[in-house]
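>>> sequence and predicted structure are below.
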Amino acid sequence: MSATAAPTAPELSEKQQRILAYLREAARTETYFKSREIGAELGLSAKEVGTNMTAIRDGEFGLDVEKWGYSSGTTWMVTA
């Protein structure tokens, strides 16, 4: 029997995969991201981004994701 994903890395939805790919690329030059800005880049609402960030934050995908601030929307600190 073989497993396709590590037990600590649950399968990601299509939206979560898009957010993760965006963050991996953008985290090379930036550290802080607002949900609404990520959403604008990916055609998602800020709420959709915030809801889906939990899976990325809790998984092991080579990024550290921390909910950082709430003024003018949620800000995420992302480091590779």
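Here it is on my side, so go on.

>>> buried residues in stretch 67-74?
The neighbour-count check on stretch 67-74 (16 or more other C-beta atoms under 10 Å) flags residue 74 as buried. In this view, the C-beta of every residue, glycine as well, is placed from N, C-alpha and C.

>>> and that stretch, what's its mean pLDDT?
Here stretch 67-74 scores 84 as its mean pLDDT.

>>> so where's the protein uncertain?
1-10 (pLDDT under 70).

>>> centroid-nearest residue for it?
residue 53 (4.3 Å; C-alpha atoms, centre = their mean).

>>> that one reaches residue 33, doesn't it?
No: if you go by C-beta atoms under 8 Å, residue 53 and residue 33 don't touch, sitting 9.4 Å apart.

>>> spit out the residues that contact these two alike.
Residues touching both residue 53 and residue 33 by C-beta atoms under 8 Å, 6 or more residues apart in numbering: residue 76.

>>> so how far does stretch 21-41 reach from one end to the other?
12 Å (C-alpha to C-alpha, to the nearest Å).

>>> for that stretch, which positions count as buried?
Buried-residue list, stretch 21-41, by 16+ other C-beta under 10 Å: 22-23, 26-27, 33-39.

>>> which non-adjacent residue is nearest residue 65?
residue 57 (4.1 Å; C-beta to C-beta, 6 or more residues apart in numbering).

>>> again with residue 26
Looking at residue 26 with C-beta to C-beta, 6+ apart, the closest residue is residue 33, at 6.9 Å.

>>> likewise residue 28?
According to C-beta to C-beta, 6+ apart, the nearest residue to residue 28 is residue 80 (6.9 Å).

>>> the one you found is in contact with residue 26, isn't it?
No: Residue 80 is beyond contact range of residue 26, at 10.0 Å (criterion: C-beta under 8 Å).

>>> what's near enough to touch the residue nearest to residue 64 when sequence neighbours are not counted?
In space, residue 64 comes closest to residue 79 once its chain neighbours are excluded; the distance is 4.7 Å by C-beta to C-beta, 6+ apart. Counting by C-beta under 8 Å, 6+ apart, residue 79 makes contact with 27, 31, 63-64.

>>> will you turn the residues you listed into TSV that also has distance to residue 14?
Shown next, in TSV, are the contacts of residue 79 (distance: C-beta to C-beta, whole Å):
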residue	distance to residue 14
27	20
31	26
63	18
64	23
